[in-house]
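Engineer: I would like the atomic coordinates for the input below:
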Amino acid sequence: MKTRNALPLAIAVPLLFGSASGLAAGLTDVPSANTRVDGQSRPNVLSPELAEQAVAAGSIGVENPSALVGFYGYDATSLDVSTQFVPSFGSNVEASKTEPDKNTYLLLDAQIGPDTDYDYGHHFLFQGHETGKTGYLTRVNLDADAAHRVTLMADQDVHGKQLPTFDGSTWNPFAKVLLLTAEAGASGGVWQATLDYPSQVTDISSALGRGGYEGIQTDRDGNVWIVEDVGGASGTGANNTARRPNSFIYRFVPNHPNELTRGGRLQALQVMKLGGDCQGAANPITYDATLNADQAAFVQDVSDLHTYGNAFCTRWVDLTLGASYNANAAAKAAGATPFKRPENGVFQPGTGFRSFYFTETGDTNMNSTANFGFGGYGAVFMLTQPGGPSADTGILRMFYLGDVAHSGFDNIAFAGATKLLVVEDAGDTLHRQRNALDSGYLFDTRVDYGTGAPPVRFLAEGRDASATLDALLSGSSGFQNEGDNEITGIHVSNGDPTVQGLLGARIPLPFALGWRVFYTQQHGDNNTWEIVPAPKDSNGFLGW
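Structural biologist: Numbering: from 1, shown residues only. Sure, this is the predicted structure:
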């Protein structure tokens, strides 16, 4: 007889407090980011209409440990002196933290696990893991009890090879596989994983290319869009923290959307110089290998791209990968346009997959001489293709230009027709420089942010005790983990695994009709949270 506990609060709360208005009702701004003080932890602060509850934590043991993986967010298999979660007095030795990254939520039937007598329910959250000694894929069983909460789906591929660490993930309903990206430069790429247990994981980079891939999404035509994060070379002297643009936006057009390994065309986005003739001779912004980093970071094209009001014609160029499958090198050779560390992208719902927003992280350093006028603080871009997601041409505009208080843009998700969630990964250096930890922001795509209007801060991330300790140990000889917490995996989905459930196909309604919101607080305790409505206050306010 299969058994399962009652639905946890994470399932019940949206039913109690759901509101069809979703994000459209607006959120109260959190007035400031959490400050960063050495040795002091800080709680997360959300808009008062919101609350959060952990659905998984790094120290939770997976129900089926392998020889390499024993816990949700640690590479430890036991708690001996070399793999302990907290260093002993006078030591900096602790378990390697694996950092659960992008979240993919799916509503599924007939999912099984290692316990053949257990009913795993219907609500699941999948993650790849960004760092650590080995990569792996986990499934958080949201309906399950503590003993069955986290399942290790795979830490090896179908050939018995250890998996790489993964950064991005998405569900592809055409091929019926999870797509996982490895941000490992020429050794990175895309892997596909089945949903059944144990998951069958296959490296498909021979078709989709190798690169520092992170963000990945599928459009309505079955094309796979990939956002690359490869930091460029830094300048010299006074410019030694300004990096040249070195990453690309890709689109894989498969021959058979239901079987990606059967080949297709890998393309990269090419942006025309400002004022060029879109219909005539091409005049693209390209990676110019004749320029050094000092020159390339400060060319007029980079400034133009990071100026409000400018509109650029775009087209997709086909890449020739060659025997190495190196997408970054192929994009440069084909004349594609480099950006300053783009990381993630998402389609705007209600546009028929004609509008794609992507983030640019920038230099994440207050000392960068490219901060003012050349995108050093990062940006958010909007690519519009009136002909649809498979169109050859489009228009690119900068939607938002970062500044010291809004920088290091990383994960991105829509939470309504025009409500865009963007979260920071500013890094320890910028945290110290600005005395502020990361934040999550709510943008409205109808607003002209060139007027100076600020986004709404819906999350001021804190720093848990474990990350606070790690921040003190960071930089010490032999210490292998990160410091401050980071926001990642912001994800809004109703879990629909069909083509109609693609992110961007339907307008999200958080907390209503099964729509749920998740994010991961990377580093430290590696908690994955679900954002839920705050309980009613004395005036009967329901939240969003």
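Engineer: Which residue ranges of the chain form helices?
Structural biologist: Assigned by DSSP state H, the helices in the chain fall at 9-17, 205-208, 293-296, 300-305, 327-333, 427-434, 465-473.
Engineer: Roughly how far does residue 142 sit from residue 149?
Structural biologist: For residue 142, the distance to residue 149 equals 8 Å [CB to CB, to the nearest Å]. Just so you know, the C-beta spots here come from the backbone N, C-alpha and C atoms, and that holds for glycine as well.
Engineer: neighbour count winner among those two?
Structural biologist: Counting neighbours by other CB atoms under 10 Å for residue 142 and for residue 149 shows that residue 142 has the greater number, 24 against 21.
Engineer: correct me, but that one touches residue 126?
Structural biologist: No: using CB atoms under 8 Å as the test, residue 142 is too far from residue 126 to be in contact (11.1 Å).
Engineer: Save the helices of the chain as CSV, and put in mean pLDDT too.
Structural biologist: Below are the helices of the chain laid out as CSV (pLDDT from 0 to 100):
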stretch, mean pLDDT
helix 9-17, 27
helix 205-208, 97
helix 293-296, 96
helix 300-305, 98
helix 327-333, 98
helix 427-434, 97
helix 465-473, 94
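Engineer: between these, which gets nearest to residue 379?
Structural biologist: helix 300-305 (8.0 Å; CB to CB).
Engineer: Show me how far that closest one is from its chain's centre.
Structural biologist: 26 Å (CA atoms, centre = their mean, to the nearest Å).
Engineer: again with stretch 202-210
Structural biologist: With CA atoms, centre = their mean as the basis, stretch 202-210 stands 20 Å off its chain's centre.
Engineer: end to end, how far does that stretch reach?
Structural biologist: Distance between the two ends of stretch 202-210: 14 Å, counting by CA to CA, to the nearest Å.
Engineer: Counting neighbours, which bits of it end up buried?
Structural biologist: Using 16 or more other CB atoms under 10 Å as the test for burial, stretch 202-210 gives 202-205, 207-210.
Engineer: Next, the distance between the ends of stretch 197-205.
Structural biologist: 23 Å.
Engineer: excluding its backbone neighbours, what's nearest the residue nearest the centre of the chain?
Structural biologist: Computing the C-alpha centroid of the chain and ranking residues by CA atoms, centre = their mean puts residue 411 first, at 3.8 Å. Spatial nearest neighbour of residue 411, excluding adjacent residues (CB to CB, 6 or more residues apart in numbering): residue 490 at 4.5 Å.
Engineer: One more: residue 146?
Structural biologist: Distances taken as CB to CB, 6+ apart place residue 60 nearest to residue 146, at 7.8 Å, with adjacent residues excluded.
Engineer: Could you tell me what pLDDT the model assigned to the one you found?
Structural biologist: According to the prediction, residue 60 has pLDDT 94.
Engineer: Quick check: it touching residue 149?
Structural biologist: Yes: between residue 60 and residue 149 a contact is recorded at 6.1 Å, counting by CB under 8 Å.
Engineer: low-confidence ranges in this protein?
Structural biologist: Residue ranges of the chain with pLDDT under 70: 1-25, 78-83, 276-277, 279-281, 536-544.
Engineer: contact partners of stretch 266-280?
Structural biologist: Stretch 266-280 is contacted from outside by 207-209, 248-253, 282-286, 301, 304-305, 310, 312-319, 321, 327, 330-331, 334-337, 383, 393, 396, using CB atoms under 8 Å, 6 or more residues apart in numbering.
Engineer: In strands, which of the residues you listed fall?
Structural biologist: If you go by DSSP state E, the contacts of stretch 266-280 have 249-253, 284-285, 312-318, 383, 393, 396 in strands.
Engineer: Please list all residues in contact with the nearest residue to residue 454 once chain neighbours are set aside.
Structural biologist: Nearest in space to residue 454, with sequence neighbours left out and distances taken as CB to CB, 6+ apart, is residue 406 at 7.7 Å. Listed by CB under 8 Å, 6+ apart, the contact set of residue 406 reads 377, 400, 424, 439, 441, 454-455.
Engineer: out of the residues you listed, which are inside strands?
Structural biologist: 400, 424, 439, 441.
Engineer: Contact partners for the third one?
Structural biologist: Counting by CB under 8 Å, 6+ apart, residue 439 makes contact with 30, 33, 406, 423-424, 457, 459-461, 487.
Engineer: For the residues you listed, give me CSV that also has distance to residue 476.
Structural biologist: Listed next are those as CSV, based on distance: CB to CB, whole Å:
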residue, distance to residue 476
30, 33
33, 26
406, 31
423, 28
424, 26
457, 33
459, 30
460, 28
461, 24
487, 25
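Engineer: quick one: which of those residues is nearest to residue 120?
Structural biologist: residue 487 (28.2 Å).
Engineer: from memory the closest one sits against residue 438, does it?
Structural biologist: Yes: with contact defined as CB under 8 Å, residue 487 counts as touching residue 438 (5.0 Å).
Engineer: Those two: who's more crowded?
Structural biologist: A count of neighbours by other CB under 10 Å puts residue 438 above the other of residue 487 and residue 438, at 29 against 25.
Engineer: so how far is residue 37 from the closest residue to residue 205 other than its chain neighbours?
Structural biologist: Leaving aside its sequence neighbours, residue 205 sits nearest to residue 189 (CB to CB, 6+ apart; 2.9 Å). From residue 189 across to residue 37, the span is 40 Å (CB to CB).
Engineer: okay, these two: which has more neighbours?
Structural biologist: Neighbour totals were compared for residue 189 and residue 37, and residue 189 leads with 27 against 11 (other CB under 10 Å).
Engineer: who's in contact with the more buried one?
Structural biologist: 181-182, 203-205, 208-211, 213, 325.
Engineer: Please identify which two of the ones in strands among the contacts of residue 406 are farthest apart in space.
Structural biologist: So, the ones in strands among the contacts of residue 406 by CB to CB: farthest apart are 400 and 439, at 13.7 Å.
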